[in-house]
Each structure stands twice: as C-alpha cells, then as structure tokens.
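Peer 1: Need a 3D model of the following:
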Amino acid sequence: MEYLLVMSVGIGLFFPIEQELTRIVAARAVCGEGAAPVLRKAGLLTAGVLAVVLGALALFAGPIADRLFPGDQALVAVLGAALTGMALCYLTRGVLAGTGRFTAYGSPLAVDGGLRTVRRPAGHAVPDPGRDATRRAHHHTG
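Peer 2: Sure thing, here's the model as predicted:
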C-alpha cells in the first residue's frame, strides 16, 4: 500500500515538473542561456506543491493513519518523507535531462530498477502491520 501511494502520488505531482523543467532547460541551453532562473522557479513550484501535500498529511495524519496504516501515524510521516525525496529527485532529474547529462540521470534509475528485481531471501519478509493486525484479530475471534 505504501509503495503504491508513494509512486502514484509522487509521480502524479512531481513528474510533470520534471518534464517541463527538462523541456525549458534544454530550450534555454540551445539558445546559450543558463538554467538558473528556470531552476529557481521550478524549485519554488516544487516546494509549494510539497508544502501543500505535507500540510495536508500533517493536518489529516490521524484519519489517514486510521484509514491506510492501521492507526500508525509514523507511516504518515514516512509517506511525507518519501514524497519529499521524490520531489527533490524529479527536480534534479529535470535539470540533468535538460542539460543532456544522461549518465547522471540514468544511473539512479538503473540502480533503482536493479534493486526492485532483487528478491528478498526466504524468511526475511518485511512486516506488514495491517496484515499482522488482521491476523491477530481473526486469531482472537475465531
């Protein structure tokens, strides 16, 4: 669930910023202009979007935790931290792609893709608080 939230919300909010930043930085580079003014504006836009999201997470942490994370508000904070990381990542990638630095752009993507394909060793499953709570509830009632 957490992965789905981070990826769908993070990509939905910050990937368009990366795309526009890439396009504008590349166009400015062709004209011999620097990326700094555009990066400042994109940084402010990203910070604004992130501030709204983090504010909503903070304001509604209780209901979000109850609905999505069996009452664990720490996972709402982790969600906010993950979205912050994605915001910074997409902002950085927009500049890297726009300036043609594709090795720097692609290396983290390759590492990320490689890590996603590695299977966890048997017996080293990541605990799922929601699933575990459901199991305990069924065990006590049945």
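Peer 1: which stretch of helix or strand covers residue 23?
Peer 2: For residue 23, the host element (DSSP states H and E) is helix 2-30.
Peer 1: In terms of secondary structure, what does that helix contact?
Peer 2: The criterion is 3 or more C-beta pairs under 8 Å, 6 or more residues apart in numbering; DSSP states H and E, and the helices and strands that helix 2-30 contacts are helix 36-59, helix 73-98. Quick note: C-beta positions are derived from backbone N, CA and C, even for glycine.
Peer 1: Distance of the residue lying closest to residue 39 once chain neighbours are set aside relative to residue 23?
Peer 2: Leaving aside its chain neighbours, residue 39 sits nearest to residue 95 (6.0 Å; criterion: C-beta to C-beta, 6 or more residues apart in numbering). Noted for residue 95: a distance of 12 Å to residue 23, by C-beta to C-beta, to the nearest Å.
Peer 1: Counting neighbours around each, name which of the two comes out higher.
Peer 2: residue 95 (21 against 14; other C-beta atoms under 10 Å).
Peer 1: circling back: quick one, which of the helices and strands packed on helix 2-30 is nearest to residue 18?
Peer 2: Nearest to residue 18 among the helices and strands packed on helix 2-30 is helix 73-98 (4.1 Å), distances taken as C-beta to C-beta.
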